[in-house]
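Peer 1: no sequence for this one, just the structure:
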């Protein structure tokens, strides 16, 4: 029975290691190609003209124009705030031009602002539109190409703008827009008959996006695409899934819906007591469109809030509390370990507020984790030292029973029992660290606060891999080696600390596992070479603290058997 428990423990350790390897695999083989594809898409914006492939359903291929040219094809109401720049197309009441004032495409502070929304005919059209449902047709509502009139020259925080349109029967449609200092619009829609009496009409709003999954391959550890919270339940519709299912329909009493990227979000937040919502996929003129929309019940006035910006967790929390938006913070995809990743994120941001550097915050978090695990780690390291002292006797037992493995295992287990040594106790700190590792990985991977966050020296972005490379002599040789030969300074330091830590610990009882463990640091070196530098810094610092902890315990207890 004990022998079987030992085997199960070893299998669990192997399973945990494999889980980490799978996690790194996604970053190495999926995320790196994805980043290259996104860079190519950004370069494509600068092209003057592109023609998409013709499908049997389309009459003519669509001609993609430069974004700057598209922005001149409609009269526009400028948007200006500390967080957003852009404009609203008065033709169609469409927000289709937004850039994020506080975020740049690259680390270069002079690089362009991140583009969130673009006109429908852009290479990556992405916009939101508001309107009225025609219902039974008794009232002529504004068409999607109706030209609206604004009562102000621009939309800025603290100054509402009212857009109006009147039909041939004298019915006036009004849309009052306001904007805060961050990313939240408030849209109030109403309609008045010729006498000024309010009309009960249905309103709608939708977010539409052109998205090519071939250019942007999906990442399995992250949700991107339509999502929302309907009646207290998080709903996610990845691009690939929605393209297969075509449509999802919901009847809601509360909630919100939108489209999520890794760092950015657009979301419709109805204030209606009930509404219907849809996630939809369709192909038009050779391009894949993904849409989220809602339709309100008939009412004289409809109010909704519209979010378009960065997924800053603190801000999402504030909006959630202030406007009673259920689970709005879940737009940040911390995944299965949300219950652990969110506290880790909040602790990191608290350290950052004190220190001003997320890299140091990661080091402090590692120290805190080690302190919390110290009692368990002490027992573990003592047990490991006891195991190390038993190695000569275990080698003797293996030689004595080398022709009878059953007898050999029984003798070794009797030795463990006689010396009161638990061979599995050394694995416990590792089991506890695995959820922390996964959670920190998600925090570094999806948190906008970590994007372009510097450490010291050559690390200017903790969410990106270490930019140095052994095979270019750390920048002295001007060439770009293959991705698998990217070995930076921090991954090399991590590998070195793993080797030192490994030498301090007794080897596994199984000779085959012992050989595998010797190659593990080298294996991890190549796997960690292309993951977020912040994660490598965490792992290296954790290894170093473990080494110091082992040295302290060994000095304190020496080789006492049952200390």
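Peer 2: Received it, and whenever you're ready, just let me know what you need. Remember, predicted model here, so these are calculated numbers, not experimental data.
Peer 1: For residue 321, see how far away residue 341 is.
Peer 2: 20 Å (Cβ to Cβ, to the nearest Å). Every residue, glycine included, has its C-beta placed from N, CA and C.
Peer 1: So for these two, which sits in the more crowded spot?
Peer 2: residue 341 (25 against 11; other Cβ atoms under 10 Å).
Peer 1: downstream neighbour of the helix or strand containing the more buried one in the secondary structure list?
Peer 2: Following DSSP states H and E, one finds residue 341 within helix 338-355. Where DSSP H and E defines the elements, the next helix or strand beyond helix 338-355 is helix 358-372.
Peer 1: Show me what the next helix or strand after that following helix is packed up against.
Peer 2: Downstream of helix 358-372, the next assigned helix or strand under DSSP H and E is helix 374-389. Counting contacts by 3 or more Cβ pairs under 8 Å, 6 or more residues apart in numbering; DSSP states H and E, helix 374-389 packs against helix 428-446, helix 533-557.
Peer 1: Can you lay out the ones you listed as CSV showing distance to residue 401, mean neighbour count and mean pLDDT?
Peer 2: Listed next are the helices and strands packed on helix 374-389 as CSV, based on distance: least, Cβ to Cβ, whole Å; neighbours: other Cβ atoms under 10 Å; pLDDT from 0 to 100:
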stretch, distance to residue 401, mean neighbour count, mean pLDDT
helix 428-446, 29, 21, 79
helix 533-557, 30, 19, 85
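Peer 1: Might you list the low-confidence residue ranges for the stretch 1-150 of the chain?
Peer 2: 1-61 (pLDDT under 70).
Peer 1: give me that answer again for 50
Peer 2: 1-9, 11-12, 15, 35-59 (pLDDT under 50).
Peer 1: Same check on the stretch 251-400 of the chain?
Peer 2: Residue ranges of the stretch 251-400 of the chain with pLDDT under 50: none are present.
Peer 1: center of this structure, which residue is that?
Peer 2: With distances taken as Cα atoms, centre = their mean, the residue of the chain nearest its centroid is residue 446 (2.7 Å).
Peer 1: so that residue makes contact with residue 334?
Peer 2: Yes - look at residue 446 against residue 334 with Cβ atoms under 8 Å: they come within range, at 6.8 Å.
Peer 1: Quickly note the distance from the residue nearest to the centre of the chain to residue 313.
Peer 2: With distances taken as Cβ to Cβ, residue 446 is found 10 Å from residue 313.
Peer 1: and if you look at residue 336?
Peer 2: 18 Å.
Peer 1: likewise residue 136?
Peer 2: Counting by Cβ to Cβ - residue 136 and residue 313 are separated by 44 Å.
Peer 1: neighbour count winner among those two?
Peer 2: Neighbour count, other Cβ under 10 Å: between residue 136 and residue 313, residue 313 has more, with 21 against 6.
Peer 1: Need the phi and psi values for the nearest residue to the more buried one once chain neighbours are set aside.
Peer 2: Nearest non-adjacent residue to residue 313, counting by Cβ to Cβ, 6 or more residues apart in numbering: residue 332, 5.4 Å away. With angles defined as degrees, to the nearest 10, residue 332 sits at phi -80, psi 120.
Peer 1: neighbours around residue 332, how many?
Peer 2: 26.
Peer 1: Is it correct that it is in contact with residue 311?
Peer 2: Yes - using Cβ under 8 Å, residue 332 makes contact with residue 311 at a distance of 5.1 Å.
Peer 1: Run through who's touching stretch 324-333.
Peer 2: With contacts defined as Cβ atoms under 8 Å, 6 or more residues apart in numbering, stretch 324-333 is touched by 222-223, 227, 229, 232, 234, 254-256, 258, 260, 265, 267, 269, 305, 311, 313, 316-317, 319-320, 338, 342, 442, 446-447.
Peer 1: how distant is it from the center of its chain?
Peer 2: How far stretch 324-333 lies from its chain's middle: 14 Å, per Cα atoms, centre = their mean, to the nearest Å.
Peer 1: Equivalent analysis for stretch 537-553, please.
Peer 2: With Cα atoms, centre = their mean, you get 29 Å for stretch 537-553.
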